[in-house]
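A.B. asks: Let me see the structure of the following:
(one chain, ligands or ions: 2)
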Amino acid sequence: MAVYTDIAEEELSEFIAGYDVGELLSYKGIAEGTENTNYLLHTSQASFILTLYERRVEESDLPFFLGLMQHLAKKGVTCPLPVQRRDGSMIGRVAGRPAALITFLEGMWLRRPSPRHCRAVGEALARLHLAALDFPQSRANALAPADWRPLWEKAKPQADTVEPGLAAEVEKDLGELLENWPRDLPEGIVHADLFPDNVFFLEDEVSGLIDFYFACHDQLAYDVATCLNAWCFEKDLSYNLTKGTAFLAGYQSVRPLERAEIDALPVLARGSAMRFMLTRLHDWLVLPDGPLIKKRDPMEYIRRLRFHRQIASPSEYGLETA
Ligand SMILES: Nc1ncnc2c1ncn2[C@@H]1O[C@H](COP(=O)(O)OP(=O)(O)OP(=O)(O)O)[C@@H](O)[C@H]1O
Ligand SMILES: N[C@@H](CCO)C(=O)O
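C.D. replies: Ligands and ions are numbered 1, 2, ... in the order given. Prediction:
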């Protein structure tokens, strides 16, 4: 559970009075998520999510994230809508943290997505990429390859406590990735964290995408690689070719990948695995333990790194390369 910040009822009622959403009836901390603190709120008008932005979100980036959600929703990509305060702004402050109220989306995220769900996510990701092409704001990726080394340097001294030999292995991988990172692929706004817990389904249809707080300008195929990692590996960390094929076919049915993007997929997938391994390893080693702090296992992403390292051709992900 990630509830980093407690809110007193009085304080919350006062905060809610800044919005035209009725009276606060109840609220509770949400037992999901890693980065921010989320509360589910019921008011006399509707249900909402209150997000308090924590450590990895810069307050100056909030207009980008919230504006992107508005832009996407207008273009038919279902995602939460930020609620405006009475004074017209979308960003408030509660318990000493920047905060926003967003609309509640119906649906559930899937613990065990099927190939059919993977295809649907591929389609949704490609639609998001196309819908965001004319979004006028931009934000650099704060976890791009140039940011990996500083994160690594903090975790490295203790890395071998997670698995002996890890420090040397990651050091070598990092060097290779930084040297071979592609630079000239089609770019746009990427979600950058479209994991299963950020995609809601109603029956077998995608009902909405959430958590745009890593969204940024980057190479579009990097997002494809991130989803391959997040959606197409099994619990035993084997790659599920059927899911990979379905995801990629879904994506390409909306936005066909260019040849250069296909060729770059193994290095992008490896790099994306490195990015998530590093944030997980950092948190694993550096964050305090606590019942309300959720840490995720870095080894799940080391295992993905090892898989991608031995890929000889992008066709191994389930792509037609002819
Ligand atoms: N708009 C929404 N409608 C319904 N539920 C939501 C909404 N936004 C968030 N939630 C709930 O809150 C949980 C955590 O939200 P979110 O993924 O945004 O948090 P996070 O800490 O940023 O997580 P992550 O680990 O993915 O970065 C979700 O799994 C979901 O249960
Ligand atoms: N999706 C991330 C956590 C939130 O950034 C992970 O699984 O490591």
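A.B. asks: which regions of this protein sit below the pLDDT cut-off?
C.D. replies: Within the chain, the segments meeting pLDDT under 70 span 1-2, 291-293, 320-322.
A.B. asks: What's the nearest residue in it when you look at ligand 1?
C.D. replies: Distances between the chain and ligand 1 by CB to the nearest ligand atom are smallest at residue 33, namely 2.6 Å. Placement of C-beta: from N, CA and C, glycine included.
A.B. asks: so how many other residues sit close to that residue?
C.D. replies: 19 (other CB atoms under 10 Å).
A.B. asks: same check, this time on residue 193
C.D. replies: Residues near residue 193, counting by other CB under 10 Å, number 21.
A.B. asks: Skip the chain neighbours and tell me the closest residue to it.
C.D. replies: Spatial nearest neighbour of residue 193, excluding adjacent residues (CB to CB, 6 or more residues apart in numbering): residue 214 at 4.3 Å.
A.B. asks: so that neighbour makes contact with residue 194?
C.D. replies: No - using CB atoms under 8 Å, residue 214 makes no contact with residue 194, being 9.3 Å away.
A.B. asks: residues in contact with residue 254?
C.D. replies: Neighbouring residues of residue 254 by CB atoms under 8 Å, 6 or more residues apart in numbering: 122-123, 126-127, 130.
A.B. asks: Please report how far residue 4 lies from residue 222.
C.D. replies: Residue 4 is 28 Å from residue 222, where distance means CB to CB, to the nearest Å.
A.B. asks: Does ligand 1 have contacts with the strand or helix carrying residue 227?
C.D. replies: Using DSSP states H and E, residue 227 sits in helix 220-231. No - applying CB under 6 Å from any ligand atom, one finds helix 220-231 out of contact with ligand 1, separated by at least 10.2 Å.
A.B. asks: Export only the CA atoms of that helix, formatted as PDB.
C.D. replies: The C-alpha trace of helix 220-231 is given here as PDB (Å, rounded to 0.1, in the frame of the first residue of the first chain):
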ATOM      1  CA  LEU A 220       7.200   6.200 -29.200                       C
ATOM      2  CA  ALA A 221       8.600   2.700 -29.600                       C
ATOM      3  CA  TYR A 222      10.100   3.100 -26.000                       C
ATOM      4  CA  ASP A 223       6.500   2.900 -24.800                       C
ATOM      5  CA  VAL A 224       5.900  -0.200 -26.900                       C
ATOM      6  CA  ALA A 225       9.000  -1.800 -25.300                       C
ATOM      7  CA  THR A 226       7.800  -0.800 -21.800                       C
ATOM      8  CA  CYS A 227       4.400  -2.500 -22.400                       C
ATOM      9  CA  LEU A 228       6.100  -5.700 -23.700                       C
ATOM     10  CA  ASN A 229       7.900  -5.900 -20.400                       C
ATOM     11  CA  ALA A 230       4.900  -5.100 -18.300                       C
ATOM     12  CA  TRP A 231       2.200  -7.200 -20.100                       C
END
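A.B. asks: That helix: how far from the chain's middle?
C.D. replies: Relative to its parent chain, helix 220-231 has a centroid offset of 10 Å by CA atoms, centre = their mean, to the nearest Å.
A.B. asks: ok, and what's touching it?
C.D. replies: Against helix 220-231 from outside (CB under 8 Å, 6+ apart): 113, 117-118, 121-122, 125, 129, 185-188, 190-196, 243-244, 247-248, 251, 255, 257, 261, 264-265, 268-269, 271-273, 276, 301, 304, 317.
A.B. asks: if you set the cut-off to 6 Å instead, what comes out?
C.D. replies: Outside of helix 220-231, the residues within contact range by CB atoms under 6 Å, 6 or more residues apart in numbering are 118, 121, 125, 129, 185-186, 188, 190-191, 194-195, 244, 247, 251, 261, 268-269, 272-273, 304.
A.B. asks: Those in strands, which ones?
C.D. replies: Of the positions in the contacts of helix 220-231, 188, 190 sit in strands, assigned by DSSP state E.
A.B. asks: In helices, which of the contacts of helix 220-231 fall?
C.D. replies: 118, 121, 125, 129, 244, 247, 251, 261, 268-269, 272-273, 304 (DSSP state H).
A.B. asks: From those, list the buried ones, please.
C.D. replies: When the ones in helices among the contacts of helix 220-231 are checked for burial by 16 or more other CB atoms under 10 Å, the buried set is 118, 121, 125, 129, 244, 247, 251, 261, 268-269, 272-273, 304.
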